[in-house]
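K.L.:
how would this look folded up:
(2 chains)
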Amino acid sequence: MRGPLALAVLTAVSLLLPGCGGGGSAGPVVCIMSEFRTRADGVPGLAKTYNSAYGTASYKDIGSTAEAGIASGQCAAGEVFTTDSAIAARDLHVLRDDKGLFPPDNVGLVVRSAVLQQHPGIAAILAPVAARITTDEITRMNRAVEVDKRAVADVARQWLTNNALLDAAPSAGGAGTARCPAGAAPVEGGGAQLKIGSKAFAEEELLAAIAKLVLERHGYQVDDSVHAADPAIDRALRDGTIDMLWQYTGTELQEFLGVKHPPADLGSAFEEARSRDEASGLCWTAPAPMNDTNGLAIRSADRSRYGDTLSAFGEYLASNH
Amino acid sequence: MSGGRRPGTLRLALTPFAVGTGLLVLYLWVHTADVPPEEASVLSAGFLGTRVAQHVELTVTSFLIAAAIALPLGVAAARSGRALRVPLLLAANLGQAVPSIALLALVFTVTGFTFRTTVIALVVYAVLPILRNTLAGLQGVDPDAVEAARGMGMSPVQVLARVEVPLASPVILAGLRTALVLVVGTATLGNFVGGGGLGDVIESGLTASGLEPASRIVVVGAVLVAALALTADWMLGLVERAVVPATWEER
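P.N.:
Numbers count the residues shown, from 1 in each chain, chains lettered A, B, ... in the order given. Next up is the predicted model:
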């Protein structure tokens, strides 16, 4: 009879255990992806720049961005990307980064320099288009694809048409460099074949579709069938599998170029990535002002409780710990 | 069935020593290293402590629920004909055949980012080894012993509790140990659905920014999981030693 007895004892002991774990700890729960914990502009940055309470808050690790968890109330706040359509769709509010912690993550078209030297028109054709892709515009397009389930190519074409960008005049072109020419001629592609890659999510596919449509208007043939995640897609660009890719300045600087603290404004971040990558045969062209950076979001309805900004939420965390 | 024997004295004596030494080496290795501040927050006693506690909580809760479900089902399956046994084993097999991460994702769609999500998935995962071993253990009991017990006038419940279960206990406990160790390892997947636990530590290291993963964090997470698994196995080994009739070994 010792078997059932021992099991009963085990059960009794373990029933006392729940409660000592971190399952339900006090204070608001902030949902993050694990990478946010160690990144210089993640939890350590929040604690340093805003409020030490961010360092001791209770974090719940999840495998994706937190929109669903915030909306359902399982997370008081959570990590999101600022152009994600789910933010608007679920009525969330991104806490304002009032002390400028999160580095900008705007995009540029990165073209292999061998390709750009042969077709310098690419930069001139796409620069005026990219200049119009703002955070609001891309968020709306993301929403059309992710929430309204419309085809990527349709959304891209409609946006170009609505903004009269399909037939926009190429920019005059800046000075450029020998490796990465920015001169306008020759603009027309004359049937030249190009491969544009994209990371496997809506925003990247939209950007690739926009580039494809505009370049095709100028006589290029563009293949946009290669989709892969970082770092595989970055490798594909370097080894010539693809000719160009819309890349994020923050991702490039932090993850591939080892810059821990990228410049805080869009222009300098782009310039930094451009100058560092030029030596390795990659040319940053066509900067877009859209900023798809990290943020902490809350439910819009919770703004009265948590405040509007990262500073205010930090104070809330400090007083409700 | 593996482990259908009382665990050796030497192994039971050496396990705490080995785990202790491993943890000490780990501590010294981390302590003497030059840890960058971003890593230090993960390697702090506070963070690691809560994750170990969560991991234990996840493991113990899931294991007990799985045992509470699978032990009676195992007995029922042993007593019943094929009509019940076959579908039962099929269901349990299915629970383990589905990849654990898919199972977690499936449960997640219903229960969201909660402690429960991970527990439910772990329970489904742990039921099979307990159920199968309970069934196999009971089926392996010498019919003569059961016959003799009946002849002594024992009721069916008495036969089960005093003859069949004790005789089957090595195999049943081997199933429990398999399930427990399985749960300790699989609980790391709780990271993806807000379950907490040591998966948070490992994933923090794997996804740390920079050019290469912060291997120090990954090693710490992995060693702690291994230490927990060994400790859990050791504890059940002690239970096994106390419970399994000593005479069994001499047979």
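K.L.:
where does the stretch 101-250 of chain A get nearest to chain B, residue-wise?
P.N.:
residue A:231 (9.6 Å; C-beta to the nearest C-beta). Glycine gets a C-beta too; all of them are placed from N, C-alpha and C.
K.L.:
tell me, please, where in the stretch 151-300 of chain A the pLDDT is lower than the cut-off.
P.N.:
A:172-175, A:183-186 (pLDDT under 70).
K.L.:
can you give me the helices for the stretch 51-200 of chain A?
P.N.:
Secondary structure of the stretch 51-200 of chain A (DSSP state H, counting those that start in this stretch): helices at A:53-56, A:67-71, A:85-89, A:113-118, A:121-130, A:135-146, A:152-162.
K.L.:
chain neighbours aside, what residue packs nearest to residue A:135?
P.N.:
Here the nearest residue to residue A:135 in space, its sequence neighbours aside, is residue A:290; by C-beta to C-beta, 6 or more residues apart in numbering or on different chains that works out to 4.8 Å.
K.L.:
the one you found contacts residue A:83, correct?
P.N.:
Yes - using C-beta atoms under 8 Å, residue A:290 makes contact with residue A:83 at a distance of 6.4 Å.
K.L.:
identify the contacts common to these two.
P.N.:
Common neighbours of residue A:290 and residue A:83 (criterion: C-beta atoms under 8 Å, 6 or more residues apart in numbering or on different chains): A:135, A:138.
K.L.:
which one of the two is surrounded by more residues?
P.N.:
Set residue A:290 next to residue A:83 and count neighbours by other C-beta atoms under 10 Å in any protein chain shown: residue A:290 wins out with 26 against 23.
K.L.:
quick one: secondary structure of the more buried one?
P.N.:
Secondary structure state of residue A:290, per DSSP: H, G, I helix; E, B strand; the rest coil, is coil.
K.L.:
still on that earlier bit, residues contacting the residue nearest to residue A:135?
P.N.:
Residue A:290 neighbours (C-beta under 8 Å, 6+ apart): A:83, A:106-107, A:133-135, A:137-138.
K.L.:
and these, which are buried?
P.N.:
For these, a neighbour count by 16 or more other C-beta atoms under 10 Å in any protein chain shown gives the buried set as A:83, A:106-107, A:133, A:135, A:137-138.
K.L.:
can you count the residues close to the closest residue to chain A within the stretch 1-150 of chain B?
P.N.:
As assessed by C-beta to the nearest C-beta, chain A sits closest to residue B:57 within the stretch 1-150 of chain B, at 3.2 Å. If you count neighbours by other C-beta under 10 Å, residue B:57 ends up with 24.
K.L.:
which pLDDT does the model give the residue nearest to the spatial centre of chain B?
P.N.:
Nearest to the mean C-alpha position of chain B, counting by C-alpha atoms, centre = their mean, stands residue B:180 at 1.0 Å. Looking at residue B:180, its pLDDT is 96.
K.L.:
that one touches residue B:234, doesn't it?
P.N.:
No - at 10.6 Å, residue B:180 does not count as touching residue B:234 under the criterion of C-beta under 8 Å.
K.L.:
output the contacts of residue A:290 in CSV; the columns should cover distance to residue B:127.
P.N.:
Shown next, in CSV, are the contacts of residue A:290 (distance: C-beta to C-beta, whole Å):
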residue, distance to residue B:127
A:83, 43
A:106, 51
A:107, 48
A:133, 52
A:134, 53
A:135, 49
A:137, 51
A:138, 47
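K.L.:
in contact with residue A:240, which residues?
P.N.:
residue A:112.
K.L.:
in three-state terms, label it for me.
P.N.:
Classification of residue A:240 using three-state DSSP returns coil.
K.L.:
any idea how chain A splits into domains?
P.N.:
The record's domain split for chain A, according to automatic domain parsing, is A:27-101+A:294-319, A:107-285.
K.L.:
ends of the last one, how far apart?
P.N.:
This points to domain A:107-285. Domain A:107-285 has an end-to-end distance of 10 Å (C-alpha to C-alpha, to the nearest Å).
K.L.:
check the shortest one too.
P.N.:
Counting by C-alpha to C-alpha, you get 9 Å between the two ends of domain A:27-101+A:294-319.
K.L.:
quick one: that domain near chain B?
P.N.:
Yes - shown here: domain A:27-101+A:294-319 in contact with chain B (C-beta under 8 Å from any C-beta of the partner chain) through A:31, A:33-35, A:37-40, A:43-44, A:55-56, A:60-63, A:68-69, A:72, A:74-75.
K.L.:
determine how far the helix or strand hosting residue B:216 lies from the middle of the whole chain.
P.N.:
Under the criterion of DSSP states H and E, residue B:216 resides in helix B:215-243. Centre-to-centre, helix B:215-243 and its host chain are 10 Å apart (C-alpha atoms, centre = their mean, to the nearest Å).
K.L.:
what do you get for stretch B:96-112?
P.N.:
Its chain's C-alpha centre and that of stretch B:96-112 lie 18 Å apart, by C-alpha atoms, centre = their mean.
K.L.:
ranges for the helices of chain B?
P.N.:
Using DSSP state H, the helices of chain B run over B:9-32, B:37-40, B:45-79, B:82-97, B:100-111, B:115-139, B:143-151, B:156-159, B:165-186, B:199-206, B:215-243, B:247-250.
K.L.:
so what secondary structure elements neighbour the fourth one?
P.N.:
Yep, that's helix B:82-97 we're talking about. Secondary-structure packing of helix B:82-97 (3 or more C-beta pairs under 8 Å, 6 or more residues apart in numbering or on different chains; DSSP states H and E): helix B:45-79, helix B:115-139.
K.L.:
what's the angle between the first one and helix B:9-32?
P.N.:
This points to helix B:45-79. 150 degrees (axes from the mean of the first three to the mean of the last three C-alpha atoms, to 10 degrees).
K.L.:
for residue A:29, what are phi and psi?
P.N.:
Residue A:29 adopts backbone torsions of phi -90, psi 130, taken as degrees, to the nearest 10.
K.L.:
does it touch residue A:76 like I think?
P.N.:
Yes - Residue A:29 lies in contact with residue A:76 (C-beta under 8 Å); the separation is 5.6 Å.
K.L.:
comparing these two, which residue is more hemmed in?
P.N.:
Neighbours around residue A:29 and residue A:76, counted as other C-beta under 10 Å, are more numerous at residue A:76. The numbers are 25 against 20.
K.L.:
could you find the closest non-adjacent residue to the more buried one?
P.N.:
residue A:28 (3.4 Å).
K.L.:
let me see the contact set for that neighbour.
P.N.:
So residue A:28 contacts A:57-58, A:76-77, A:306, A:316-317, A:320 (C-beta under 8 Å, 6+ apart).
K.L.:
can you list these in CSV and add distance to residue B:169 and pLDDT?
P.N.:
Shown next, in CSV, are these (distance: C-beta to C-beta, whole Å; pLDDT from 0 to 100):
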residue, distance to residue B:169, pLDDT
A:57, 47, 91
A:58, 42, 90
A:76, 48, 95
A:77, 50, 96
A:306, 55, 95
A:316, 55, 95
A:317, 51, 95
A:320, 51, 85
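K.L.:
A strand includes residue A:297, no?
P.N.:
Yes - looking at residue A:297 with three-state DSSP, it is inside a strand.
K.L.:
that one: neighbour count?
P.N.:
Counted with other C-beta under 10 Å, residues neighbouring residue A:297 total 27.
K.L.:
that one reaches residue A:76, doesn't it?
P.N.:
No - Residue A:297 lies out of contact with residue A:76 (C-beta under 8 Å); the separation is 10.4 Å.
K.L.:
what do the two both touch?
P.N.:
Taking C-beta under 8 Å, 6+ apart as the criterion, residue A:297 and residue A:76 both touch residue A:70.
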